[in-house]
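[1] sequence first, then the predicted structure:
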Amino acid sequence: MPGKKVCIVGSGNWGSSIAKIIGHNVKASNRFDPIVSMWVYEEMIDGRKLTEVINTEHENVKYLPGHKLPKNVIAVPDITEAAKGAKILVFVVPHQFIGKLCDQMKPHIPEGAIGISLIKGVDEGPDGLKLISDIIREKLEIDVSVLMGANIANEVADEKFCETTIGAKNDANGHIFKELLQTPNFRITVVRESDTVELCGALKNIVAVGAGFCDGLNCGDNTKAAVIRLGLMEMIAFAKLFCKGPVSSPTFLESCGVADLITTCYGGRNRKVAEAFVTTSKSIAELEAEMLNGQKLQGPQTSAEVYKILQKRNMVNKFPLFAAVYQICFEGKAHADFTCKANRPPCPRLPRSQDIKGYPGKRRQGEGGGTGFTSFRGHKELPRVPMGELGLAAFTSARLSSSSPRPILGAFIGTRPSQPSFVFAGALVRGKEKQEGTGGEGVAVKAAVVVAVAPVLQSGGEEEENLAGSLAVALHINMG
């Protein structure tokens, strides 16, 4: 029986990085056709068609220069030709183009085809939120999974270790995509909360724009930490309000949640362009052309879609970070208005381990400690979330780039602050950086380490004894 044809819909920085993985993996499995078609939006590069360059030099010289693609990845400029007969579709294009592309593909998709969306964005539907996977599912009438995680495209192409999350409502399809995409350095977890996974991938880009504003305004790491914490709280609250399926705290602990948020706020292009937006007089469109070779930035566009949804529900004031990002990007609100001040009531107590595992604790009047978290002007209390999620928000606010791991994980777990494994986790990260000379570049690796350590330290017992060995293997560090 012949293998299933794989079509990659998109060929930008992220799409080309994924094509590199898929091209190698299909050759190692009888499940897939060894030839992969990749739809490429045709452009001229130094007088040559981009598809011609890719198919002769096996390199996407515009969007992923310096990385050779497998020779079995074939660039195709016609979307109908690329998709014809494909049983497995991998979508990785800017979300604003997906509807039109699906309409063109529809007559050529065979029965039994399945898809996976790597697209980070949302749309506005007649009843409020519409996920990109919903658009694909409705237009092509196929089952659609999603993949989101702490995956900076160039680091994935460089084969640096990272994790990612597949959200699949159909378990069998989720594991087909895991076989297609997983490598020793690109580790995949499959979960069922597909909608939550997808929404994390979209909303974190809005928060990253806010983090970039902070950097451009020289607000400092403490303010940036507050932005990330508040951003996570708004992500959780938004998911609980608008997701059709279940929304649980453990999903936010996967790579699609905390890890992706950290990575994007410290190392992603949304943060980078937002910083330049503050420090220059250039528009977002001008910066996209200058800094991204014309690729589209997802954070501002997603903020516009989210803002419209919140307006319809009269809930803009409950999501001040999301609103501020939109207003600065599209309504001319002054950059300097994106500031924080310590005027919030005392924060709730840090969670005990049972809170993290789902104990629905509630804050009582006067309960808490410290001087209070900083907050945006006009920030109002969000819809209540379980204490485990507030602990998750506290954890994310730690300064991952410069703080020691003890306060990072201590803030999250709220117990056993002298745990030596905290220090060990930090030593692993810093040892890895020193070994590779990467400095602060391996943000995805840092995020993976912290997220991996946290559940182990919650549970204690025998798992903790194996922490050193398991993390050393994950990071390829010789502990001898």
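    On my side now, so go ahead.

[2] what residues are up against residue 113?
    Counting by C-beta atoms under 8 Å, 6 or more residues apart in numbering, residue 113 makes contact with 86, 87, 88, 89, 140, 142. Glycine gets a C-beta too; all of them are placed from N, C-alpha and C.

[3] let me redo that: residue 300
    209, 284, 325, 326, 329, 330.

[4] closest to residue 65 among the contacts of residue 113?
    Residue 65 lies nearest to residue 89 out of these, by C-beta to C-beta, at 26.4 Å.

[5] pLDDT weak spots in the stretch 151-300 of the chain?
    Regions of the stretch 151-300 of the chain meeting the criterion pLDDT under 70 are absent.

[6] strands of that one, start to end?
    Counting by DSSP state E, counting those that start in this stretch, the stretch 151-300 of the chain has strands at residues 162-167, 186-191.

[7] pick the most deeply packed of these.
    Mean neighbour count, computed with mean count of other C-beta atoms under 10 Å, is highest for strand 162-167 among the strands of the stretch 151-300 of the chain, reaching a mean of 27.

[8] list the helices and strands it packs on?
    Applying 3 or more C-beta pairs under 8 Å, 6 or more residues apart in numbering; DSSP states H and E, we find strand 162-167 packed against strand 143-148, helix 171-181, strand 186-191, helix 194-216, helix 443-459.

[9] what angle separates the third one from strand 143-148?
    Between the axis of strand 186-191 and that of strand 143-148 there is an angle of 130 degrees, by axes from the mean of the first three to the mean of the last three C-alpha atoms, to 10 degrees.

[10] hang on, the earlier thing: make JSON lines from the strands of the stretch 151-300 of the chain and add distance to residue 24 to it.
    Formatted as JSON lines, the strands of the stretch 151-300 of the chain follow (distance: least, C-beta to C-beta, whole Å):
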{"stretch": "strand 162-167", "distance to residue 24": "16"}
{"stretch": "strand 186-191", "distance to residue 24": "11"}
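
[11] residue 210 versus residue 221, what's the distance?
    Per C-beta to C-beta, to the nearest Å, residue 221 is found 14 Å from residue 210.

[12] do residue 100 as well
    Taking C-beta to C-beta, one finds residue 100 at 30 Å from residue 210.

[13] on that earlier part again, in PyMOL, select just the buried ones from the contacts of residue 300.
    The following PyMOL command selects only the buried members of the contacts of residue 300, with burial defined by 16 or more other C-beta atoms under 10 Å:
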select buried, resi 209+284+325+326+329
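
[14] between the contacts of residue 300, which sits nearest residue 244?
    Using C-beta to C-beta, the contacts of residue 300 come closest to residue 244 at residue 326, 23.8 Å.

[15] wait, a helix at the closest one?
    Yes. Secondary structure of residue 326, determined by DSSP: H, G, I helix; E, B strand; the rest coil: located in a helix.

[16] what's near enough to touch it?
    300, 303, 304, 306, 307.

[17] if we can go back for a sec, between residue 100 and residue 210, which is the more surrounded one?
    residue 210 (27 against 11; other C-beta atoms under 10 Å).
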